[in-house]
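K.L.:
My questions concern the predicted model and sequence given below.
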Amino acid sequence: MKQYSKRMVIAHWLTLGLLVLAWYLGDSLSDSTDESRATLLGYVVHATAGIALLLLIAMRLFFRGKDGTPPATGNAVMDRVAHGVHHTLYLLLLLVPITGILTVLRSSVAKALLAGDASMLPKAHGFHGLLVHKLHGTLVNVLIAVVVLHVLAALKHQFIDKDGLLERMMLRRK
């Protein structure tokens, strides 16, 4: 079974790492905001992870177009589902950082970061009524659900189908 290029594999696993970091920080910031303990550093690292994720996804799309992808498994229905899930993942991985950037720009976060003043950060319910922030949170939840579906499908291939599909996304080459 043909594998993804090494740079696609590296980008895949870096995407996962950045996604986990951004999600963890975003969740922590949400809790901190409600308790008025959010920090500038937390916002900076969360935003940096989101921007890095956006750039990495752009690179992945470029690599995907340049390097191609391994052939489909041959099961027409499952191949269509996999195709849809992958395109949904890419779309969500673009939209989540974009809505995050818009949230920063449309809230007091940008002013706080530019001023270096944590007291200007949103406090409890500071994003209330900001539609783009609600959209950002909703997209994050949808992304988590699609990632879980993606992981479950990979595990199904590995342990039930035993077709070696997971090997396509590993750095170690046969």
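P.N.:
Now that the structure is in, tell me what you want to look at. Residues are numbered from 1 along each chain as shown.

K.L.:
hey, where'd the helices end up in this protein?
P.N.:
For the chain, helices defined by DSSP state H occupy the ranges 6-34, 40-67, 76-106, 109-115, 131-156.

K.L.:
wait, which of those is closest to Met169?
P.N.:
For these, proximity to Met169 was assessed by CB to CB; helix 6-34 is nearest, at 5.7 Å. C-beta here means a position set from N, CA and C on the backbone, and glycine is covered the same way.

K.L.:
residue ranges with poor pLDDT in this protein?
P.N.:
Filtered on pLDDT under 70, the chain yields the residue ranges 1, 34-35, 174.

K.L.:
before we move on, back to that, and the helices of the chain as a markdown table, adding distance to Ala124 and mean neighbour count?
P.N.:
Formatted as a markdown table, the helices of the chain follow (distance: least, CB to CB, whole Å; neighbours: other CB atoms under 10 Å):
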| stretch | distance to Ala124 | mean neighbour count |
| --- | --- | --- |
| helix 6-34 | 5 | 16 |
| helix 40-67 | 16 | 17 |
| helix 76-106 | 17 | 16 |
| helix 109-115 | 15 | 16 |
| helix 131-156 | 14 | 15 |
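
K.L.:
Can you convert the ones you listed into a markdown table and add a column each for distance to Met169?
P.N.:
Shown next, in a markdown table, are these (distance: least, CB to CB, whole Å):
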| stretch | distance to Met169 |
| --- | --- |
| helix 6-34 | 6 |
| helix 40-67 | 12 |
| helix 76-106 | 12 |
| helix 109-115 | 35 |
| helix 131-156 | 8 |
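
K.L.:
and of those, who's closest to Arg172?
P.N.:
helix 6-34 (9.7 Å).

K.L.:
In contact with the closest residue in space to Ala112 that isn't next to it in sequence, which residues?
P.N.:
Nearest residue to Ala112, sequence neighbours excluded (CB to CB, 6 or more residues apart in numbering): Met120, at 3.6 Å. Shown in contact with Met120 (CB atoms under 8 Å, 6 or more residues apart in numbering): Ser108, Lys111, Ala112.

K.L.:
Which one of these is nearest to Val20?
P.N.:
Using CB to CB, the contacts of Met120 come closest to Val20 at Ala112, 25.2 Å.
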